[in-house]
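*Asks:* Sequence first, then the predicted structure, then my questions.
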Amino acid sequence: MLGISRVTYNLLENGKTPREPYIETFQDIFDVSFSAMQDQNKPKINRKLDKNTYEKTKKIMLYILSKTSQLPNVWKTVLYKILYFCEFDRYELTGQRLTWLDFVKLPKGPAPAWFDSAIRKMEKEWSVIPVNAKYMWYTQQRYMINEKIADNFLVWEEKVFVDKVIDKIKNMNASEVSDYSHGDIPWKATPDMELIDIDLANHRLYPYSAKARAEKLNQDIEMLQNNWAFKFLLDEPDLYEDVI
């Protein structure tokens with residue numbers, strides 16, 4: 001499944017060759033974060049997955065899965081990054097948590113520290129169904145929603161926010177979204193295998209900063225509104241929205 005020889009694997013197992021190139025594959029094969037495979041590096045999570053936290057997390061995860069599970073590139077790695085940007089963008093903008101997930105710094109970018117606990121509980125409740133697919137030498141995984149979501153499942157403002165995050169990431173593959181996440185200050189400022197401090201969201205820079213992106217958009221809109229060639233758009237709301 002790793003696509004390497006038995007001799008190379010023996011060297012890997014005995015620490016005589018670097019493991020880093022295989023970490024992402026190991027995580028997919030065993031369906032567990034790499035930190036959970038290393039007791040000495042397992043992140044210490046102060047907040048437990050209590051019932052209240054789980055219900056909040058489940059609600060957001062189900063909505064995200066309802067919007068992404070049919071997209072061809074949204075496997076587990078991309079899902080991790082959607083959850084990460086939902087949490088950190090929201091906290092930066094409002095000072096409030098959204099997914100209530102803690103994130104750990106892994107080589108391929110930020111990943112939910114106790115995603116496996118939450119998703120397995122959702123599987124037991126038949127809220128989601130895991131789907132595996134072979135990709136080259138290893139297994140990719142995604143989750144299909146198995147629960148009807150009511151129109152009022154999330155408040156309208158939360159839906160709009162999550163949809164914007166999904167739109168930003170949904171066309172990236174796993175490698176692209178991982179590379180993109182490496183430029184974000186919270187990931188860069190955190191030591192390997194440690195939990196990412198949510199307050200680092202307040203130190204982000206453009207284009208990662210949600211506040212900086214909003215400011216840039218407002219500047220672009222103002223520039224268009226002051227340009228005589230685009231003034232006619234003000235009388236065409238639908239067309240104006242498309243152009244913006």
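*Replies:* Ah, there it is.

*Asks:* Any chance of the backbone angles for the residue minimising distance to the centre of the chain?
*Replies:* Most central in the chain under CA atoms, centre = their mean is K81, positioned 2.0 Å from the mean C-alpha point. Main-chain torsions, K81, degrees, to the nearest 10: phi -70, psi -30.

*Asks:* show me what contacts it?
*Replies:* Contacts here follow CB atoms under 8 Å, 6 or more residues apart in numbering; on that basis K81 touches G109, P110, I169, M172, V177, S178, Y180, S181. In short, each C-beta sits where N, CA and C put it, glycine included.

*Asks:* I'd like to know which of these are part of strands.
*Replies:* Taking DSSP state E, the ones among these that sit in strands are G109, P110.

*Asks:* Can you tell me which of the contacts of K81 is closest to E147?
*Replies:* Using CB to CB, I169 is the member of those that sits closest to E147, with 23.2 Å.

*Asks:* any idea how far that closest one lies from S117?
*Replies:* Separation of I169 from S117 (CB to CB, to the nearest Å): 24 Å.

*Asks:* who's more crowded, the two?
*Replies:* I169 (21 against 16; other CB atoms under 10 Å).

*Asks:* The more buried one reaches F85, doesn't it?
*Replies:* Yes: the pair I169 and F85 qualifies as a contact (CB atoms under 8 Å) at a distance of 6.6 Å.

*Asks:* Please name the nearest non-neighbouring residue to L12.
*Replies:* R19 (6.2 Å; CB to CB, 6 or more residues apart in numbering).

*Asks:* What's the local residue count around the one you found?
*Replies:* With other CB under 10 Å as criterion, R19 counts 12.

*Asks:* Test my guess that it contacts L11.
*Replies:* No: using CB under 8 Å, R19 makes no contact with L11, being 10.2 Å away.

*Asks:* all strands of the protein, in order?
*Replies:* Using DSSP E, the strands found in the chain span residues 103-106, 109-112, 128-135, 138-145.

*Asks:* As CSV, those strands with mean neighbour count, distance to L200 and mean pLDDT would be great.
*Replies:* Putting these into CSV (neighbours: other CB atoms under 10 Å; distance: least, CB to CB, whole Å; pLDDT from 0 to 100) gives the following:
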stretch, mean neighbour count, distance to L200, mean pLDDT
strand 103-106, 24, 10, 90
strand 109-112, 24, 11, 92
strand 128-135, 13, 30, 82
strand 138-145, 18, 28, 81
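
*Asks:* Relative to I64, which of those strands is closest?
*Replies:* Using CB to CB, the nearest of the strands of the chain to I64 is strand 138-145, at 9.4 Å.

*Asks:* Each with direction, which strands does that closest one pair with?
*Replies:* strand 128-135 (antiparallel) (DSSP bridges).

*Asks:* List the contacts of the partner strand.
*Replies:* So strand 128-135 is contacted by 62, 65, 119, 122-123, 139-147 (CB under 8 Å, 6+ apart).

*Asks:* Turn those into TSV, columns for distance to E55.
*Replies:* Below are those laid out as TSV (distance: CB to CB, whole Å):
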residue	distance to E55
L62	11
L65	16
I119	14
M122	11
E123	16
T139	30
Q140	28
Q141	24
R142	23
Y143	18
M144	21
I145	16
N146	17
E147	13
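
*Asks:* and the spatially closest residue to T8 that is not a sequence neighbour, how far is that from K124?
*Replies:* Of all residues not flanking T8 in the chain, T17 sits nearest, at 6.7 Å (CB to CB, 6+ apart). Separation of T17 from K124 (CB to CB): 38 Å.

*Asks:* again with Q219
*Replies:* 49 Å.

*Asks:* Many thanks, have a good one.
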